[in-house]
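Asker: Build me a model from this:
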Amino acid sequence: MSKTHKLNAVIVDDHPLARMAIRNLLESEGVTVVGEAGDGAQALHLVDQLYPDLVIVDVDIPVMSGIEVVEKLRKQAFSRIIIVVSAKNDLFYGKRSADAGANAFISKKEGMTNIIAAVNASLNGYSYFPLSLHAFMGSLSSEQEMLQLLSSQEIKVMRYILAGTDNMKIASEMNISNKTVSTYKSRLMEKLNCRSLMDLFSFAQRNKIG
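Answerer: From the prediction side, this is the model:
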């Protein structure tokens, strides 16, 4: 852990106890936590203000998802380490994290200590997506395969739908037309073989998507 004592970090999670657990873990390894955020917008502001060496962000946070935070940071040319954590669907969010430009994905179900292994891997120039490797070994269920077919825009629309957001609000949030929202909605429902919103909610619950 010789390199980690020089690092400073921002933690993004809407659960104070989760932030505390990550803070304790990082500080035990000599990492200085310089800021904490509870939602996506606050996270972007903090990173812009503090420009930390390391950002640890949970997938399921308010305002914008952790994946969207990663996408926006990379578009803003933030080149330092970003680690995504989640207690939800490992394969789905692991792949989305990699596609968005994260250095690593850690499943909260596997234990937070893996964050340190991910930090070390990133410092040495490697990505860290251990659970996502199964996706390339033919071990996906049919529903997992369906999820892999969704585009990033379709995933964003799905997340808004699951949060109970209506089409007009989704269109406003994503800066697209109502018609485009309806198109994305129809496509994702078709790809997931869902005939109703109840089917979609059931699918999401089964696969721990949110």
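Asker: Tell me the confidence at the closest residue to G38 other than its chain neighbours?
Answerer: Closest residue to G38 apart from its sequence neighbours, by C-beta to C-beta, 6 or more residues apart in numbering: D14 at 4.7 Å. To be clear about C-beta, it is placed using only N, CA and C from the backbone, and glycine gets the same treatment. pLDDT recorded at D14 is 94.
Asker: what comes up buried for the least confident helix or strand in the chain by mean pLDDT?
Answerer: Within the chain, confidence by mean pLDDT, DSSP states H and E is lowest for helix 142-148 among all helices and strands, at a mean of 82. Of all the residues in helix 142-148, those buried under the rule 16 or more other C-beta atoms under 10 Å are 144, 146-147.
Asker: Which other helices and strands does that helix contact?
Answerer: helix 90-100 (3 or more C-beta pairs under 8 Å, 6 or more residues apart in numbering; DSSP states H and E).
Asker: what is the rounded mean pLDDT of the helix it packs on?
Answerer: Mean predicted confidence for helix 90-100 is 86.
Asker: From the rest of the structure, what touches it?
Answerer: Here helix 90-100 makes contact (C-beta atoms under 8 Å, 6 or more residues apart in numbering) with 59, 66-68, 70-71, 74, 84, 86, 104-105, 107, 109, 127, 129, 131-132, 134-135, 140, 144, 147-148, 152, 155, 207, 209.
Asker: Identify those among those that sit within strands.
Answerer: Residues of the contacts of helix 90-100 located in strands (DSSP state E): 84, 86, 104-105, 107.
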